[in-house]
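**Student:** I'll drop the sequence and a predicted model, then ask my questions.
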Amino acid sequence: MKKLSLLLSALFFFGIGVFAQPKLSENNIQEIVRVMSPEEKACLVVGFNTGCPGYDPGLPGTGGLTYPMPKYGIPSIVMMDGPTGVRLEPDWHDGKGAVHFSTSFPTGLLTAASWDRETAAAVGRGIGEEALDLGADVLLGPGMNLLRNPLNGRNFEYFSEDPVLSGLIAAAYINGLQSVGVGTSAKHFAANSQETNRLDGDSRLSTRALRELYTRGFELCLRESDPWTVMASYNLLNGEYTQESYGLLTQILRQDFGYPGLVVTDWTGKRNTPKQLHAGSDLFMGGAKNQTEHILASLADGTLSMADLDRAVTKVLELIVKTPAFRGHKASLSPDLEAHAALARQSAAEGMVLLRNQGGVLPLAPCRAAVFGVHSYDLIPGGNGAAYVSAPYVVQVHDALKEAGFTLDADLERIYPAYAAFADADVALNHKVNVHVGKAQTPELEITRTLIEQTVKSSDVAVITLGRTSGEARDRILGREFLLQEDEVNLLENVCEVFHAAGKKVVVILNICGPIETASWNYLPDAILCAWLPGEEGGHAIADVLTGRVNPSGRLPMSFPLDYFDIAGAEDFPYNFVSNKANESVVHPERRGLPLKNLAYTDYTEDIFVGYRHFLTEGKEVAYPFGFGLSYTQFTYSNAVVRVKAGQVQASVTVTNSGPVAGKEAVGLYVSAPLGSFDKKPARELKDFAKTRLLAPGESQTLEFRFPVLDLASFNAALSRWEVAKGLYTVCFGAEAGREQMTRPLKLSRGLVKEVQRACEPQAGD
Ligand code: BGC
């Protein structure tokens with residue numbers, strides 16, 4: 001094998017040969033495939049890695065590269081993470097005196113909370129521009145796994161508990177990003193719903209749940225966009241690695257969804273490479289030498305067909321000809337951080353969700369404010385792991401409030417920054433948690449009652465920021481991270497008691513990576529603003545909403561339960577699993593293969609009843625429902641219309657700003673469907689959504705919705721097909737699931753249903 005690789009490197013890099021080789025172009029991909037040797041093909045589909053001759057690691061932070069073959073004019077292409085900004089190694093010095101940064105954009109949850117395709121497209125485009133400037137050919141995002149459980153460590157990267165919101169926001173992000181000529185990777189396909197034992201955990205779920213929830217977002221995303229790559233996840237699906245699953249990658253993704261692009265494996269070399277190739281994986285990242293050898297050996301012994309390898313090579317070449325590297329693009333290495341900061345600020349404000357506003361305490365006019373909470377001084381802009389972004393700065397809440405004209409309590413402004421610096425250093429020094437690139441959770445500072453009593457005398461209002469971070473390779477822990485901690489409860493209770501006793505108001509800002517428990521304390525403060533992980537301009541965006549410069553229009557993309565155990569499948573998640581190990585199998589080798597519930601395998605016992613599908617169907621109360629969000633104005637709905645035309649459901653509703661200030665309203669179109677041949681269906685399902693432009697008081701806008709009648713179907717696993725029930729549907733308009741503003745009946749006749757079903761059945765000759 002040593003001799004083979006020496007020969008290969010000579011051939012690749014010097015193009016030794018008697019005949020001139022064809023050079024890759026958009027029009028001769030098949031010709032290149034024909035003339036390539038099996039060895040060359042096997043190298044091309046495996047990522048270019050440290051073991052390869054001529055390896056160049058690219059920029060610090062690069063996720064991976066493909067194998068260059070100059071003799072065919074095939075450049076190496078660069079894949080960089082994603083998805084909340086371009087990931088560079090923290091504090092990367094280029095050796096010429098410059099440190100390079102990229103913009104930390106708002107995270108996925110916030111983007112989805114905007115319920116706005118335009119915001120998602122603008123964020124995608126901004127990230128794409130930076131990716132181009134930093135030399136990336138493919139940006140490894142969007143992350144679009146479903147929020148099955150509120151404790152998944154990567155929820156902040158993802159979009160929603162609902163596949164329609166996820167899929168359509170993802171499509172807008174992809175279209176925005178790819179519009180600049182850089183590719184995306186819709187990840188992680190599929191049912192990758194926990195980080196604990198992420199490399200080897202088996203997600204066990206029904207075919208119905210797979211099709212209606214876990215692959216549905218990808219299906220809708222592919223209907224509205226064309227991601228250059230889809231990333232196959234690490235996990236197993238019903239006993240088979242997704243990367244090795246022909247059923248998932250070829251039958252569902254390629255045949256059913258019609259995906260024409262490339263499937264890249266999530267970054268591991270640990271699978272059965274020939275099996276992955278046969279299943280439909282095309283590019284093996286980050287790439288290991290033994291994968292190339294394994295491919296060649298399997299070709300030789302007949303366990304891998306040349307046709308499978310040729311398909312993968314074709315997909316890799318089809319990807320390469322689209323890339324900036326192939327176009328000869330030279331990266332400037334200086335992204336427009338200023339323009340993107342403005343975009344980050346604007347989009348962050350668009351997805352913040354106002355959860356409470358008792359007595360209209362918000363918006364606040366500039367006044368004297370006592371600003372509590374370590375995260376008011378040390379905002380968490382994004383999460384950890386692959387999605388970590390090394391930002392040039394982070395705008396803090398206290399600084400932004402001062403900029404907006406507030407006078408702040410001087411003692412708190414002295415104490416907190418000093419504590420934040422100490423806490424960061426302490427965590428880094430003691431390695432309390434492995435954060436796998438990024439920032440550890442900072443414990444809250446204990447502030448004495450005496451100090452609070454002192455600050456209230458010189459303040460008109462109190463602001464408290466509570467924070468939660470999380471990231472790749474670890475899930476959040478119920479007791480430590482979902483629930484408020486004693487120091488946080490003490491701070492909240494003491495500040496509320498002291499300020500309320502003095503007739504003054506308290507505003508809480510949630511700087512969080514995912515839902516937390518709120519029901520035991522949310523009645524204490526006067527206002528609560530959920531600001532998520534808002535990116536580097538977070539402080540400005542929070543101040544914009546608090547002061548009314550921006551009227552909040554974000555809506556929750558997931559439900560906030562009253563209690564963790566109210567969610568369906570609460571016990572079927574490693575909610576109390578504590579591990580310091582990052583990025584590897586947490587199951588001890590000796591215990592591997594043992595049926596360790598929620599580690600070796602996780603049963604999706606809730607089936608299709610995730611999030612609001614469960615709460616509404618069971619009539620269970622929540623702290624805040626899916627779609628919840630307050631505004632500084634009110635909206636009324638009128639003229640709701642629904643009809644079926646040319647196989648499409650077409651609907652519209654007029655939204656009028658009936659309140660005192662300009663604002664935007666997000667509207668969901670939910671459907672309640674007849675059972676048909678199914679025992680159970682969710683009480684409501686989101687089918688489409690739209691958002692108004694900024695409406696002045698008294699102004700109206702008619703929002704349009706349109707989707708195929710077939711989207712009303714449920715998946716009949718026994719017959720392996722989507723089934724639309726005939727009968728009476730209720731179509732509901734409004735942001736909040738279950739508390740919609742208007743409803744309309746929609747009757748589907750037997751004849752119409754037959755016609756719709758027939759249109760989607762395979763025709764003779766297909
Ligand atoms: C993550 C992916 C990421 C890849 C490359 C993996 O560990 O799961 O989301 O894109 O690494 O960095």
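**Tutor:** Ah, there it is.
**Student:** residues from the chain in reach of the ligand?
**Tutor:** Proximity of the chain to the ligand, by CB under 6 Å from any ligand atom, involves residues Gly63, Asp81, Leu140, Lys187, Asp266, Trp267, Ala386. (C-beta placed from N, C-alpha, C; glycine too.)
**Student:** swap in 5 Å and give it another go.
**Tutor:** Gly63, Asp81, Leu140, Asp266, Trp267, Ala386 (CB under 5 Å from any ligand atom).
**Student:** in contact with Leu710, which residues?
**Tutor:** Listed by CB atoms under 8 Å, 6 or more residues apart in numbering, the contact set of Leu710 reads Gly647, Trp722, Val724, Val756, Ala759, Cys760.
**Student:** before we move on, back to that, may I ask which two of the residues of the chain next to the ligand are separated the most?
**Tutor:** Greatest spacing in the residues of the chain next to the ligand, by CB to CB: Asp81 and Asp266 (11.4 Å).
**Student:** who's more crowded, those two?
**Tutor:** Asp81 (29 against 23; other CB atoms under 10 Å).
**Student:** how close does Ala344 sit to the ligand?
**Tutor:** 21 Å (CB to the nearest ligand atom, to the nearest Å).
**Student:** using the three-state scheme, assign that residue.
**Tutor:** helix (DSSP: H, G, I helix; E, B strand; the rest coil).
**Student:** counting neighbours, what do you get for it?
**Tutor:** Residues near Ala344, counting by other CB under 10 Å, number 29.
**Student:** go on, Pro150?
**Tutor:** So Pro150, with other CB under 10 Å, has 25 neighbours.
**Student:** equivalent analysis for the one 4 residues further on, please.
**Tutor:** By other CB under 10 Å, 29 other residues sit near Arg154.
**Student:** of the contacts of Leu710, buried ones?
**Tutor:** Buried subset of the contacts of Leu710 (neighbour count, 16 or more other CB atoms under 10 Å): Trp722, Val724, Val756.
**Student:** quick one, phi psi at the last one?
**Tutor:** Torsion angles at Val756 (phi, psi; degrees, to the nearest 10) stand at phi -60, psi -40.
**Student:** one more: the one 3 residues further on?
**Tutor:** Ala759 adopts backbone torsions of phi -60, psi -20, taken as degrees, to the nearest 10.
**Student:** I'd say it and Gly647 touch.
**Tutor:** Yes: Ala759 is in contact with Gly647 according to CB atoms under 8 Å; the separation is 6.4 Å.
**Student:** low-confidence ranges in the stretch 551-700 of the chain?
**Tutor:** 579-595 (pLDDT under 70).
**Student:** other residues contacting stretch 132-139?
**Tutor:** Contacts for stretch 132-139 (CB under 8 Å, 6+ apart): 58-59, 62, 77-83, 86, 88, 100, 102, 127-128, 131, 177, 180-185, 228-229, 319, 323-325, 329, 331-336.
**Student:** keeping just the C-alphas, turn the longest helix anywhere in the chain into PDB.
**Tutor:** Secondary structure of the chain per DSSP state H: the longest helix is helix 410-430. What follows is helix 410-430, C-alpha atoms only, in PDB (Å, rounded to 0.1, in the frame of the first residue of the first chain):
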ATOM      1  CA  ALA A 410     -22.400  52.400  39.200                       C
ATOM      2  CA  ASP A 411     -21.800  49.700  41.900                       C
ATOM      3  CA  LEU A 412     -23.300  47.000  39.800                       C
ATOM      4  CA  GLU A 413     -21.300  48.200  36.800                       C
ATOM      5  CA  ARG A 414     -18.100  47.700  38.800                       C
ATOM      6  CA  ILE A 415     -18.900  44.400  40.500                       C
ATOM      7  CA  TYR A 416     -20.300  42.300  37.600                       C
ATOM      8  CA  PRO A 417     -17.600  42.800  34.900                       C
ATOM      9  CA  ALA A 418     -14.900  42.000  37.500                       C
ATOM     10  CA  TYR A 419     -16.800  38.900  38.500                       C
ATOM     11  CA  ALA A 420     -17.500  37.800  34.900                       C
ATOM     12  CA  ALA A 421     -13.700  38.000  34.100                       C
ATOM     13  CA  PHE A 422     -13.000  36.000  37.300                       C
ATOM     14  CA  ALA A 423     -15.700  33.400  36.600                       C
ATOM     15  CA  ASP A 424     -14.400  32.900  33.000                       C
ATOM     16  CA  ALA A 425     -10.900  32.400  34.200                       C
ATOM     17  CA  ASP A 426     -11.900  30.100  37.000                       C
ATOM     18  CA  VAL A 427     -13.900  27.900  34.600                       C
ATOM     19  CA  ALA A 428     -11.100  27.800  32.100                       C
ATOM     20  CA  LEU A 429      -8.500  27.100  34.800                       C
ATOM     21  CA  ASN A 430     -10.300  24.400  36.500                       C
END
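**Student:** after that helix comes which helix or strand?
**Tutor:** helix 449-457 (DSSP states H and E).
**Student:** and that following helix, what does it pack onto?
**Tutor:** Judged by 3 or more CB pairs under 8 Å, 6 or more residues apart in numbering; DSSP states H and E, helix 449-457 is in contact with strand 368-372, helix 410-430, helix 486-501.
**Student:** repeat that for 7 Å
**Tutor:** Using 3 or more CB pairs under 7 Å, 6 or more residues apart in numbering; DSSP states H and E as the contact test, the elements touching helix 449-457 are helix 410-430, helix 486-501.
**Student:** in stretch 214-228, what counts as buried?
**Tutor:** Tyr214, Thr215, Arg216, Gly217, Phe218, Glu219, Leu220, Cys221, Leu222, Ser225, Pro227, Trp228.
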